[in-house]
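# Whatever this is, show me its structure:
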Amino acid sequence: MKHGLSRPPLEYGSGFPTLLRKEVLRFYKVGFQTVAAPVLTAVLYLMIFGHVLEGREVYGRLSYTAFLIPGLVMMSVLQNAFANTSSSLIQSKVTGNLVFVLLAPLSHFEFYAAYILAAVFRGVVVGFGVLLITAWYGLPAIDYPLWILTFAFFGAAILGSLGLIAGIWADKYDQLAAFQNFVIMPATMLSGVFYSIHSLPAAWQVVSHFNPFFYMIDGFRYGFFGVSDISPWNSLAIVVCFFIVVSVIALRLLQKGYKLRH
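Below you'll find the model as predicted:
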């Protein structure tokens with residue numbers, strides 16, 4: 001196996017379930033840090049922004065607090081999905097135990113699937129926790145639950161893939177922190193979590209349409225209220241295309257063993 005992980009994907013008796021279980025248990029065992037802390041952060045955002053901007057209406061009929069809750073839920077899903085794959089991979093590289101995963105009879109597809117599914121699981125768990133806690137302020141209506149689940153899954157899978165790419169690329173923690181602070185955080189915060197893009201000047205509305213995170217947030221919010229800044233079908237098409245792109249990049253890096261075997 002010279003060029004990465006080359007065994008056929010998902011063979012019977014493969015190590016895929018074991019690796020998936022390992023990745024889930026990794027964040028579960030420190031749940032106070034990986035789940036409770038992000039939920040608290042989201043609640044603080046809600047308390048501050050909800051208090052300061054309460055009384056404003058969005059889309060002509062939603063209170064600002066109701067508008068904000070789905071955005072905070074999805075933001076938590078995205079950030080924690082990214083954190084799960086990126087932190088796991090960089091820790092394994094820095095401590096040197098990644099070699100034990102690479103020596104196992106795993107294909108690059110199994111490796112990818114285990115990490116991404118664990119990232120999706122963590123993102124959804126944190127997002128559900130945020131939704132439950134913020135219900136204290138009034139649980140928002142859920143008009144289209146299937147849209148919510150669809151955008152939550154694809155959003156978490158995309159950020160999990162980006163986390164995998166960042167973890168493969170980074171050689172040390174500060175490189176990973178730079179990727180998160182200068183790419184992931186700005187894209188998330190400027191995606192419409194705290195505002196409708198129709199409240200922005202025309203030039204900034206155009207800029208927002210180049211941010212793929214905007215479509216994840218907007219489509220997810222549509223599932224709650226049945227209203228959005230753009231058609232949810234357009235958002236879904238863009239999100240799925242972005243998922244395919246980042247997945248292909250991540251799989252290709254794994255297949256070549258880039259910065260993993262060499």
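# A114 reaches F16, doesn't it?
Yes: between A114 and F16 a contact is recorded at 5.6 Å, counting by CB atoms under 8 Å. C-beta coordinates here come from the backbone N, C-alpha and C atoms, glycine included.
# which one of these two has more residues nearby?
A114 (23 against 20; other CB atoms under 10 Å).
# G127 against G71, yeah?
No: taking contacts as CB under 8 Å, G127 lies outside contact range of G71: 11.2 Å.
# Who has more neighbours out of these two?
Shown here are G127 and G71; by other CB under 10 Å, G127 has more neighbours (28 against 25).
# Now that one. Nearest residue, chain neighbours left out?
V77 (3.9 Å; CB to CB, 6 or more residues apart in numbering).
# in what helix or strand does the one you found lie?
For V77, the host element (DSSP states H and E) is helix 64-95.
# How much space separates the residue nearest in space to the middle of the chain from L149?
With distances taken as CA atoms, centre = their mean, the chain has L78 as the residue nearest its mean C-alpha position (2.5 Å). Counting by CB to CB, to the nearest Å, the gap from L78 to L149 is 15 Å.
# Please apply the same query to Q79.
Applying CB to CB, the value for Q79 to L149 is 19 Å.
# More neighbours: these two, which one.
Shown here are Q79 and L149; by other CB under 10 Å, Q79 has more neighbours (22 against 13).
# roughly how far apart are the more buried one and N234?
Using CB to CB, Q79 is found at 24 Å from N234.
# Over to K259?
K259 is 36 Å from N234, where distance means CB to CB.
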